[in-house]
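> Need a 3D model of the following:
(one chain, ligands or ions: 1)
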Amino acid sequence: MEDKLSGLRRIGVSYPVMQAGMPGIAGPELAAAVSLAGGIGTLGIMDASEWGMALALTTRLCRGRPFNVNLLLPFTRPRHIEQVIAQGVTMATLFWGRDAALIRRLTSAGVYTFQQVGSIDEARFALDAGVNALIVQGSEAGGHVRGHRPLKAILSTVVALSGDIPVFAAGGMYTTDDARRAREMGASGVSTGTRFVATNESSAHDAYKRALVEADDTVLTTLFGMNWDAPHRVLPNEATRRWCDAQGQAPAWLRSLYKLTGMTRRFLPMKASLTHWQRPAWPLFTGAALEVGMPARMAGCTALYAGAEVSRIRSVMPAAEVVRELAAAFDQRGSRAGQAA
Ligand SMILES: Cc1cc2nc3c(=O)[nH]c(=O)nc-3n(C[C@H](O)[C@H](O)[C@H](O)COP(=O)(O)O)c2cc1C
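Got it, this is the predicted structure:
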């Protein structure tokens with residue numbers, strides 16, 4: 001019997017559990033740990049100059065299992081796409097933009113293509129363009145937040161629109177129960193960034209992982225908008241307390257400045273060395289996350305991305321265990337997720 005997950009099964013995915021692409025956090029080790037556990041491991045985007053090597057390393061670590069790449073469109077260059085196709089990468093997730101030609105190019109090259117969407121309108125666009133699957137991101141999500149509505153307000157509508165196309169749920173999908181609730185609303189799978197930040201294999205700095213498992217709340221802000229002035233959800237820290245208003249907004253003058261710096265995205269490397277100069281008192285904050293190798297003191301002035309339900313994450317776990325826990329919601333018959341009996 002064909003079902004919505006048959007396309008993913010055909011390419012070797014066992015469980016409809018995706019680890020989101022996260023620049024600086026989701027490297028080859030994390031992506032491989034998730035894919036080897038049967039889920040969908042995703043390599044976060046990075047400068048095009050490093051991308052080919054990272055794809056090759058992920059392929060080697062995955063030992064024949066499929067993996068996914070994240071094409072965060074404001075930072076995606078033609079070289080990223082060429083390498084994905086040339087190296088025969090199995091899956092790609094597009095986010096933050098509408099590019100029907102790119103969807104067609106990837107799908108016709110045999111790349112199973114997801115689009116993460118924040119609205120019904122965006123979902124319609126991606127479906128018309130021919131995506132293989134959708135990810136619906138609710139406003140509770142960690143990282144950059146595309147939509148304005150909570151997951152449960154739009155998930156069922158997108159599922160209804162999507163017919164045979166599988167829809168994954170993103171935003172607060174941290175436990176078997178969360179995934180089960182999403183499944184009851186029609187989701188075929190789940191995707192999470194925050195839950196995978198707090199894993200042994202993520203490249204997040206220990207200070208970030210520690211802050212995450214101790215946190216109770218988050219703030220949706222525009223503070224870390226140097227080079228990319230899009231709203232993002234983070235843990236409050238010294239920088240947000242110093243510069244954000246009660247609604248999480250950065251000062252208007254800073255937002256105007258950030259808009260101008262957006263133009264530098266075209267020619268500056270993603271990981272601009274500027275991040276290393278950040279201090280809580282100097283309001284020029286890039287979106288770079290706190291990763292291994294950066295000084296721990298930067299926890300006070302970098303974006304500690306996290307979803308609104310962060311208080312439900314209380315430990316750092318092996319990535320494979322997270323996959324197992326989330327997969328259990330789709331695995332009622334004790335067989336592999338979604339598999340036809
Ligand atoms: C640290 C971090 C970085 C992220 N970076 C990206 C990204 O580069 N591309 C992308 O498609 N989504 C990114 N996301 C968002 C995820 O795709 C997803 O929507 C989100 O993690 C879901 O909410 P959750 O964090 O509560 O699981 C990021 C999320 C986090 C936590």
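
> make it CA atoms for all contacts and neighbour counts henceforth
Noted.

> Tally up the residues packed near Leu94, please.
Neighbour count of Leu94, defined by other Cα atoms under 10 Å: 25.

> How about Ala207?
Using other Cα under 10 Å, Ala207 has 17 other residues around it.

> In contact with it, which residues?
If you count contacts by Cα atoms under 8 Å, 6 or more residues apart in numbering, Ala207 has them with 296, 299.

> Can you name every helix or strand that the lengthiest helix in the chain contacts?
Counting residues, the longest helix found in the chain (DSSP state H) is helix 48-62. With contacts defined as 3 or more Cα pairs under 8 Å, 6 or more residues apart in numbering; DSSP states H and E, helix 48-62 has these neighbours: helix 28-36, helix 78-86.

> Mind doing that once more with 6 Å?
Applying 3 or more Cα pairs under 6 Å, 6 or more residues apart in numbering; DSSP states H and E, we find helix 48-62 packed against helix 28-36.

> what about Gly293, how many neighbours?
Residues lying near Gly293 (other Cα under 10 Å) number 10.

> Spatially nearest residue to it, not counting backbone neighbours?
Of all residues not flanking Gly293 in the chain, His205 sits nearest, at 7.3 Å (Cα to Cα, 6 or more residues apart in numbering).

> And for Ile85, the neighbour number?
Look at Ile85: counted by other Cα under 10 Å, it has 16 neighbours.

> Find the nearest non-adjacent residue to it, please.
In this structure, Ile85 finds its nearest non-sequential neighbour in Ala109, 6.8 Å apart by Cα to Cα, 6+ apart.

> before we move on, what about Ala32?
Nearest one to Ala32, counting by Cα to Cα, 6+ apart, is Cys62 at 5.0 Å.

> Isn't that neighbour up against Ala31?
No. Under the criterion of Cα atoms under 6 Å, Cys62 is not in contact with Ala31, lying 8.1 Å apart.

> neighbour count winner among those two?
More crowded of Cys62 and Ala31, by other Cα under 10 Å: Ala31, with 33 against 21.

> And the more buried one, how far from Leu94?
17 Å (Cα to Cα, to the nearest Å).

> Could you do Arg9 as well?
Using Cα to Cα, Arg9 is found at 20 Å from Leu94.

> Could you do Ile85 as well?
Using Cα to Cα, Ile85 is found at 15 Å from Leu94.

> same question, Ala20
According to Cα to Cα, Ala20 and Leu94 sit 11 Å apart.

> Repeat that for Ile40.
15 Å.

> Same check on Leu106?
In terms of Cα to Cα, Leu106 sits 10 Å off from Leu94.

> Check Val219 too.
Distance of Val219 to Leu94, given as Cα to Cα: 25 Å.

> swap in Ala160?
Relative to Leu94, Ala160 is positioned 21 Å away (Cα to Cα).

> Tell me the secondary structure at Met22.
Of the three states, Met22 takes coil under DSSP: H, G, I helix; E, B strand; the rest coil.

> Quick one: residues contacting it.
Neighbour list for Met22: Gly44 [criterion: Cα atoms under 6 Å, 6 or more residues apart in numbering].

> What are the phi and psi values at it?
Backbone torsions of Met22, given as degrees, to the nearest 10, read phi -140, psi 110.

> can you pull the pLDDT of it?
We have a pLDDT of 98 for Met22.

> Next: Thr261.
Taking Thr261 on its own, its pLDDT is 84.

> Looks like it contacts Asn227 (just checking).
Yes. Thr261 lies in contact with Asn227 (Cα under 6 Å); the separation is 5.0 Å.

> and after the helix or strand of the chain at the bottom of the mean pLDDT ranking, which helix or strand comes next?
None of the helices or strands of the chain scores lower by mean pLDDT, DSSP states H and E than helix 252-261, at a mean of 91. Using DSSP states H and E, the helix or strand that follows helix 252-261 towards the C-terminus is helix 319-327.

> so what secondary structure elements neighbour that following helix?
For helix 319-327, there is no helix or strand it packs on, judged by 3+ Cα pairs under 6 Å, 6+ apart.

> How about that helix and the ligand, any contact?
No. Using Cα under 6 Å from any ligand atom, we find that helix 319-327 stays clear of the ligand, coming within 11.7 Å at best.

> what comes into contact with that helix?
Taking Cα under 6 Å, 6+ apart as the rule, helix 319-327 contacts 15, 34, 37, 175-176, 199.

> tell me the domain boundaries of this structure?
Per automatic domain parsing, the structural domains of the chain span 6-201+315-330, 219-305.

> Give me the neighbour count for Ala141.
Neighbour number of Ala141 under other Cα under 10 Å is 29.

> surely it meets Ala169?
No. Checked against Cα under 6 Å, the pair Ala141 and Ala169 is beyond contact range at 10.3 Å.

> quick one on the thing from earlier: what's the burial count for the residue nearest to Ile85?
Ala109: 15 neighbours (other Cα under 10 Å).

> Relative to Ala86, how far out is it?
10 Å.

> before we move on, what about Asp164?
From Asp164 to Ala86 the distance is 29 Å (Cα to Cα).
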